[in-house]
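Chemist: Quick one, structure for this:
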Amino acid sequence: MATSIQINLKHRSYLREPEGTELGRKIIAESIRLLDVLGYEGFTFKKLAAEMGSTEASIYRYFENKHKLLVYLASWYWAWLHYLVTLQTRNIADPRKRLSRAIEVIARAGEADDPTVLHIDERALHRVVVAEASKVYHTKEVDAENKEGYFLEMKHLCQRLAQIVLEINPDYPYPHALMSTVLEAAHQQLFFAQHLPSLTNVRSEKYTETVAFLKQLVFAAVDNS
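Modeler: So this is what the prediction gives:
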């Protein structure tokens, strides 16, 4: 990518927008690195502050708790992935080819390394999303947080993909269900391959297998409806 991008989320998940300050960007960068190492359960603001050489109070000025920080990171990821899909499909007129390319982008997100976003390690963030993102909305607060707009970035990407499905087959009855399944499966199959291999035929190191599986899933459904 030749031009710099900046993804700013207008979100109630934060108290102060982190992209706007050096400290905020450092919080984001270090939290991704630490979550990647420790996992969500082992991650605390105390440990984050120690890694940053800062104070817990400085982090609490940006995020109320670690759940809302994870919401922010997952939302940033979905917005960034939406950007990549848009960028890499914008000149493809054929909707089948456009959807096929979008699936490749989604499934291979773990290989992406965007030099225009200096403070975020996208590969580490992808690993965090694969391992932890389901905890963003598998909570008792999901309905209230949904009303606050916490999950709009994933919804917008799902909507974009569903529209392409309907270009291919206007009569297909489940475009959103299909594409939300694809978005989840792109991460879930990698997680299973790494930790519960008897639940999948995908090998963790083979993104090509995930791409092939998702394309077969999507086009078999869309073409045979």
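
Chemist: any idea where the strands of the chain begin and end?
Modeler: Shown for the chain, no strands are assigned by DSSP state E.

Chemist: For A112, give me the pLDDT.
Modeler: Looking at A112, its pLDDT reads 81.

Chemist: Apart from its neighbours in sequence, what residue is nearest it?
Modeler: Excluding its sequence neighbours, the residue lying closest to A112 (Cβ to Cβ, 6 or more residues apart in numbering) is E122, at 5.1 Å. Bear in mind the C-beta positions are built from the backbone N, C-alpha and C, glycine included.

Chemist: Between its first and last residues, how far does stretch 101-116 reach?
Modeler: 22 Å (Cα to Cα, to the nearest Å).

Chemist: Give the buried residues for that stretch.
Modeler: Applying a neighbour-count criterion of 16 or more other Cβ atoms under 10 Å, one finds 101-110, 114 buried in stretch 101-116.

Chemist: Stretch 187-196 now?
Modeler: 187-194.

Chemist: List the contacts of K26.
Modeler: With contact set as Cβ atoms under 8 Å, 6 or more residues apart in numbering, K26 has these partners: 52, 54, 119.

Chemist: if I look at Q188, how far off is K147?
Modeler: For Q188, the distance to K147 equals 26 Å [Cβ to Cβ, to the nearest Å].

Chemist: Quick check, pLDDT for the residue lying closest to V211 once chain neighbours are set aside.
Modeler: Spatial nearest neighbour of V211, chain neighbours left out: A107 (4.5 Å); criterion: Cβ to Cβ, 6+ apart. Model confidence at A107, given as pLDDT, is 95.

Chemist: ok, now the one 10 residues further on?
Modeler: At V117, the pLDDT value in this model is 75.

Chemist: ok, it to A109 distance?
Modeler: From V117 to A109 the distance is 14 Å (Cβ to Cβ).

Chemist: Give me the helices and strands touching the longest helix along the chain, please.
Modeler: When the chain is parsed with DSSP state H, its longest helix is helix 66-89. If you count contacts as 3 or more Cβ pairs under 8 Å, 6 or more residues apart in numbering; DSSP states H and E, helix 66-89 packs onto helix 22-42, helix 95-107, helix 122-132, helix 134-137, helix 152-168.

Chemist: Looking at these, spot the one closest to W80.
Modeler: W80 lies closest to helix 122-132 among those, at 7.1 Å (Cβ to Cβ).

Chemist: mind showing which ranges of this structure have poor pLDDT?
Modeler: Scanning the chain for pLDDT under 70 picks out 1-6.
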